[in-house]
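Peer 1: Predicted model, plus sequence, below.
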Amino acid sequence: MKREIKFRGKLTIEPSIWIYGYLYQDKTGSYIKQSDKDMRFGCGLDVIPESVGQSTGLKDNEGLDIYEGDILRLDIGSADVLKIHWVVSFRLGAFVVTPRDEQGEDYLSFASYQDQLEERQHGDITK
């Protein structure tokens, strides 16, 4: 099984838009190349390091890729308290979701709740 590992990040220059492709990082910064054809040093677009997120390999209800850092609204159970926003992150070798406004260590396996996705927005921790 071949799995494509994709990343996204926001450009450091205006307009600061999301770009998608292959990530490389060095001591000077984080860069995304939009093609895997030319992986030479210095050929990528400069992105904000804190905005970089890896694709989970899963899709939202509109068929778009879900990335680390995305904010999701999941309908977990019937209680309104569980219909909150969650942030996708990577912990202990798996993509998980954590409550957006909590700093605790609680998290859920994202793959287990993917069918309950109600809405999604690009994560933007650089606002």
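Peer 2: On my side now, so go ahead.

Peer 1: For residue 32, which residues are in contact?
Peer 2: The contact partners of residue 32, taken as CB atoms under 8 Å, 6 or more residues apart in numbering, are 7-9, 19-23, 44-45, 47, 52. C-betas here are computed from N, CA, C, even on glycine.

Peer 1: which residues does it form a beta bridge with?
Peer 2: Beta-bridge partners of residue 32, counted by DSSP bridges, are residue 23, residue 45.

Peer 1: Distance of it relative to residue 85?
Peer 2: Remark: distance between residue 32 and residue 85 (CB to CB, to the nearest Å) = 26 Å.

Peer 1: now swap in residue 73 and tell me
Peer 2: Going from residue 73 to residue 85 by CB to CB gives 6 Å.

Peer 1: try residue 52
Peer 2: For residue 52 relative to residue 85 (CB to CB), the value is 21 Å.

Peer 1: And residue 26, by the same measure?
Peer 2: For residue 26 relative to residue 85 (CB to CB), the value is 34 Å.

Peer 1: Settle it for me: which of the two has more neighbours?
Peer 2: Under the neighbour definition other CB atoms under 10 Å, residue 26 and residue 85 were set side by side, and residue 85 has more, 15 against 9.
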